[in-house]
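Asker: Fold the stuff below for me.
(chains A and B)
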Amino acid sequence: MSELLREMSNTAQRLGIPLGVQLDLTYRCNERCVHCYLDHDDHGEMNTAEIKELLDQMAAAGVFFLTISGGEILMRRDFFEIVEHARRLMFCVKLKTNAVMIHESEADRIQGLAPESVQISVYSHRSEVHDAITKLPGSLKKSLAGARLLVERGVKVIFANVVMRDTFDDYAGVRALADEIGAQFTIDPTITPMMDGDRSILKLNLERAQLEQVLRDPSLHGARPEEYCAPPAGPLSQEDAMDTLPCSASHTFCYVSPYGDVYPCVQFPLPTGNVRTTRFIDIWKHSPQMNEVRSITMNDLPVCSTCSHGGGSCTRCPGLAYMEGNMRGPSSQDCEKSYARTGVVTAGMMTHGRAHSAAGLVQIQGAMGTALPA
Amino acid sequence: MSHVYVARVREVAARMIGGEMMVLSARDSKLFSLNETAAAIWQAADGKTPLSEMVERGLCEGYDVDGAVAARDAQELVDGLVSHGILKVSDTPMEETS
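Answerer: Reported below is the predicted structural model:
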């Protein structure tokens, strides 16, 4: 992160400005990825006018970074109208897509909209593997064709490789493919639970040895292994813990679903309000749930505040902890990552062991109180 | 400087954050923070208003500075923003591109 970006984030946090928002336009998708945490039906998406009004409100609230995602964003017939409106409002727009529906004309229009980047999901460099994950025959070929059209037009393309147990050996191939096309590459070793609370897809996560290899591969994180994988420095002092915030969720970032529900983060499905009934800025500033998340410092985390990883090496996601039943608790997936990286057991692992019970898991509900169907 | 027109390039995002105009170039993902004067020029850069008129209205009137000094400063600011690829200039009016 550049110094100027850090300063801007600090200013936004100090002033309570929602600097970044992920807006999912739809959960509908032309792929059926085995690891996806969403359902793929339309339960009442916001219409074009509602989304434009929301964008107006978000611009007025100070939102600068707007990630437009889904589902597959091009499933929305009004996709270009929405992004054109967002760019007129001078958002820094990042798009997430599978690129299957990007042909010459779509690539031309995307280039014309000057997004900061277009992130494309690529699971393997081998068609038979990638297509088996997306369950869409020919999808790798189409995604790569779309990616090439964008790169040819000077659009920054990033291949996002969600690496899983059965595709672990392919991440180097995806990276080579990105290099060949002229795209950037990023890897994500975390499969998250489904939005209805179903955790069965977590079995797709990397095995510990695989996770260790990914986290200790200096070509992926750019840091020196002896620093990045060094033993943790110990828990934060109580004074520091009171000033240390778990992450940007609710502080400078939030997520809006296709139905207008606002959450602290896409991985933190705590309903805080709905923009169909309440103005975005009022949810952001006054939602009790948003303010509760905002009030939590490291000092309020009974297990993690005692953990030796708490001094800076921990990547604890409060949303994943929430999905395990307690937003102030540890996130077992992040404990696994800290352990895989450093070889030092976390306080969360010592407290709970490695067994995770499905009992007591949060069932995700829309802000209007309607449970999202599985 | 009487026939210089200034416009924002298409490949930028911008937002006023805490009283500072932040501009991000999509070309290279570089982030810029504009001072008050640069922000005034940035916001007035519609491609249709001559820079001289922008200076008269935005800088001389608003800040009570000498016209020649304001014009020189404005030109330097515009040159800087153009060199960073976030503004463009022309000797004829331009369509807004953002």
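
Asker: Report the contact partners of the closest residue to A:P235 other than its chain neighbours.
Answerer: Leaving aside its chain neighbours, A:P235 sits nearest to A:G310 (4.6 Å; criterion: Cβ to Cβ, 6 or more residues apart in numbering or on different chains). Where you see a C-beta, it was placed from the backbone N, CA and C, and this is true even at glycine. Neighbouring residues of A:G310 by Cβ atoms under 8 Å, 6 or more residues apart in numbering or on different chains: A:232, A:234-236, A:241, A:298, A:301, A:304, A:347.

Asker: Of these - the most surrounded one?
Answerer: A:C304 (29 neighbours; other Cβ atoms under 10 Å in any protein chain shown).

Asker: That residue and B:G47, how far apart?
Answerer: 53 Å (Cβ to Cβ, to the nearest Å).

Asker: what's the answer for A:I82, then?
Answerer: Distance from A:I82 to B:G47, by Cβ to Cβ: 25 Å.

Asker: before we move on, what about A:D170?
Answerer: Distance from A:D170 to B:G47, by Cβ to Cβ: 48 Å.

Asker: can you put the contacts of A:G310 in JSON lines and add secondary structure and pLDDT?
Answerer: Shown next, in JSON lines, are the contacts of A:G310 (DSSP: H, G, I helix; E, B strand; the rest coil; pLDDT from 0 to 100):
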{"residue": "A:P232", "secondary structure": "coil", "pLDDT": "75"}
{"residue": "A:G234", "secondary structure": "coil", "pLDDT": "70"}
{"residue": "A:P235", "secondary structure": "coil", "pLDDT": "74"}
{"residue": "A:L236", "secondary structure": "coil", "pLDDT": "71"}
{"residue": "A:A241", "secondary structure": "helix", "pLDDT": "65"}
{"residue": "A:M298", "secondary structure": "helix", "pLDDT": "82"}
{"residue": "A:L301", "secondary structure": "coil", "pLDDT": "87"}
{"residue": "A:C304", "secondary structure": "helix", "pLDDT": "85"}
{"residue": "A:A347", "secondary structure": "helix", "pLDDT": "87"}
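
Asker: low pLDDT regions in the chain?
Answerer: Assuming you mean chain A. Applying pLDDT under 70 to chain A picks out residues A:1, A:222, A:225, A:238-239, A:241-246, A:311-313, A:353-374.

Asker: Correction: the question concerned chain B.
Answerer: Per-residue confidence for chain B (pLDDT under 70) gives these ranges: B:1-2, B:59-64, B:96-98.

Asker: Taking it, what residue is nearest to chain A?
Answerer: At 3.5 Å from chain A, B:A13 is the closest residue in chain B, using Cβ to the nearest Cβ.

Asker: check contacts around A:T67.
Answerer: A:20-23, A:93-96.

Asker: would TSV of the residues you listed with distance to chain B, neighbour count and secondary structure be doable?
Answerer: Compiled in TSV, the contacts of A:T67 are given as follows (distance: Cβ to the nearest Cβ, whole Å; neighbours: other Cβ atoms under 10 Å in any protein chain shown; DSSP: H, G, I helix; E, B strand; the rest coil):
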residue	distance to chain B	neighbour count	secondary structure
A:G20	11	20	strand
A:V21	12	24	strand
A:Q22	16	20	strand
A:L23	15	26	strand
A:V93	7	24	strand
A:K94	10	20	strand
A:L95	12	25	strand
A:K96	16	20	strand
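
Asker: On the strand side of things, show who whichever residue of the stretch 51-200 of chain A sits closest to chain B bridges to.
Answerer: Closest approach between the stretch 51-200 of chain A and chain B, counting by Cβ to the nearest Cβ: A:C92, at 3.5 Å. In this entry, A:C92 is beta-bridged to A:F65, by DSSP bridges.

Asker: List the contacts of it.
Answerer: A:C92 makes contact with A:64-66, A:116, B:13, B:15, B:24, B:26, according to Cβ under 8 Å, 6+ apart.

Asker: how about 10 Å then?
Answerer: Shown in contact with A:C92 (Cβ atoms under 10 Å, 6 or more residues apart in numbering or on different chains): A:19-20, A:63-67, A:86, A:114-117, B:12-15, B:22-26, B:29, B:31.
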